[in-house]
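S.K.: Give the three-dimensional model of this entry:
(chains A and B)
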Amino acid sequence: MNGISKIVVATDFSDASDHAIDRALSLAESLKASVILVHAYGLPVYGFPDGVLLPSPEVAANISDVAQEALDRTLNRARERFSKVTGVLREGDAREEVEAVARDVGADLIVTGSHGRTGFKRWVLGSVADRIVHTSPIPVLVVPSAEVTKTSSQSVSSSPGAASATPPATTQDEAATRRFGYEPF
Amino acid sequence: MSRFETILVPTDFGESAELALDHAITIGRAMSSKIVLLYACPLLTGAALDGSIVPSPEVIEMMQEAGRKGLARAIENRKNCGVEIRSLETVGDPRSCILDAAKQNGADLIVMGTHGRHGVSRFLFGSTAEAIVRTSPIPVLTVRGPAPNALQSLLAQGVGAAILVPAKGDSLTVA
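M.R.: Below is the predicted model of the structure:
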C-alpha cells in the first residue's frame, strides 16, 4: 500500500494557490504528512535582435528578496494551522521547478491550484497545473480555482472576521501584486 | 479542517485506475471518507456513410456484465482496506458520466488514473482524465500508471535480458 508522507504544494501567492495550500494542509494533517511549499520566480529577460538584456544583480537580488518575503509570510500563515510545513524558493520556470523540487525531496503528492495569477481566465487550466498533470510521474491533485469563491468563507479563512476581506474578482490581481510587491508580466 | 467525505474513483480496470483506487484508499483511511468506484461503460459508436453504428443491446449488456464483475473483483480484492467502497455503473460518455456521478453522489474529490486502456500510447495523458481535470468543479487527483510502452511488453515476454536503462546519469540499471 502506498503511503503519502511528503506533499509538495505549488504557490504563486494567489487566492487560488492559498486555497490549494489549505487543501494540502488538511490532507497532510490527516495523513500525518509534511508539506513543502514551493515558489518559483522568473527573472525578466528582454530579448533584442542583437542580444538580451538581463536584469542587474541588484534587480535580481531585489526580486529574490521580495519573493522570499512573500514565501515567508505564506509559510507563517500555514504554520499557524499546521507545524510540519517548510518552504523552498527557486528561480526559474514554475512548471519545471515544482516538479524538480518534488523529485528532489521525494514527494508522494503534488498539489496545485488550477489557475494561478499569470494564466488568462480563458484558459481552462492554468499552464503550471496543465504542465504538471501531463508530465509528473508523481500523483497530482488539482484544486479548481472555482472552489475559492464557493468555499472561501468556510475553509480559506479560519478566523470568522476575515471572510469579509475577500476582494472582488477585479481587484484580485491588484491585491496579489500588493502582497507580492511587483507586477509580473 | 476540511476533509474529503466522498471520493469518486472512475475505473476502466486498467493499471493506472488500480493505482488510483489505492491512492483513494490511502486518503480515505486518513480522512474517513467513503469511496464510490465507478465504471462508466462507454457507448462505442462508429460513424458510417449513412448514419452511425451503435452497439446492439446485447453488446451493451455484455459490457455491463463485464463491468459489474470487474467492480465486484476490485472491491473484493480490497475488502479489508478499512474504507467503505461502493460500486456504481453507468452507460454513456465517460466524461459526462464521471462528472454527473460526482455531482449525484456528493463527491468532493475525484481520483483517477491518467491513462486508460484505450488510446494510443503517444497520448501519455488519457483524454478522459484530461477532460475531467479541465472541467471538474471539485479537486481531481491524477495518478500516472506505468506507461503502456513497448519496452514493458517486450520485457514481459522475456525479450531483452540485457537492456541498459540509464538511471540518473550516474549509474546504470540493468533491466
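
S.K.: Just give the number of residues close to B:Phe13.
M.R.: For B:Phe13, the count of nearby residues is 16 (other CB atoms under 10 Å in any protein chain shown). Just so you know, the C-beta spots here come from the backbone N, C-alpha and C atoms, and that holds for glycine as well.

S.K.: Quick check: phi and psi on the nearest residue to it once chain neighbours are set aside?
M.R.: If the residues on either side of it in the chain are set aside, B:Phe13 comes closest to B:Gly70, at 4.6 Å by CB to CB, 6 or more residues apart in numbering or on different chains. Main-chain torsions, B:Gly70, degrees, to the nearest 10: phi -60, psi -40.

S.K.: pretty sure B:Gly70 is touching B:Ala17, no?
M.R.: No. Contact criterion CB atoms under 8 Å: B:Gly70 and B:Ala17 do not qualify, at 9.8 Å.

S.K.: Residue of chain A nearest chain B, please.
M.R.: A:Ser30 (3.9 Å; CB to the nearest CB).

S.K.: Quick check: which element contains A:Thr112?
M.R.: Using DSSP states H and E, A:Thr112 falls within strand A:109-113.

S.K.: For residue 134, pull up the helix or strand it's in.
M.R.: Looking at chain A here, since you left the chain open. Per DSSP H and E: helix A:127-135 holds A:His134.

S.K.: was after chain B, sorry
M.R.: In this structure, B:Arg134 sits in helix B:127-135 according to DSSP H and E.

S.K.: same check, this time on B:Ala66
M.R.: helix B:57-76.

S.K.: for the record, mean pLDDT for the next helix or strand after that helix?
M.R.: Downstream of helix B:57-76, the next assigned helix or strand under DSSP H and E is strand B:85-91. Across strand B:85-91, pLDDT averages out at 95.

S.K.: Strand B:85-91 packs against which elements?
M.R.: strand B:34-41, helix B:57-76, helix B:94-104 (3 or more CB pairs under 8 Å, 6 or more residues apart in numbering or on different chains; DSSP states H and E).

S.K.: Enumerate the residues of chain B near chain A.
M.R.: B:1-3, B:19, B:22-23, B:25-27, B:30-31, B:114, B:124-125, B:129-130, B:133-144 (CB under 8 Å from any CB of the partner chain).

S.K.: Buried subset of the residues you listed, written for PyMOL?
M.R.: Typed into PyMOL, the line below selects the buried ones among the residues of chain B next to chain A, using 16 or more other CB atoms under 10 Å in any protein chain shown:
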select buried, chain B and resi 19+22+23+25+26+27+30+31+114+125+129+130+133+134+136+138+139+140+141+142+143+144
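
S.K.: What confidence value was assigned to B:Lys79?
M.R.: 90.

S.K.: Would you check how far apart it and B:Ala72 are?
M.R.: In this view, B:Lys79 and B:Ala72 are 11 Å apart by CB to CB, to the nearest Å.

S.K.: the more surrounded of the two?
M.R.: B:Ala72 (12 against 8).
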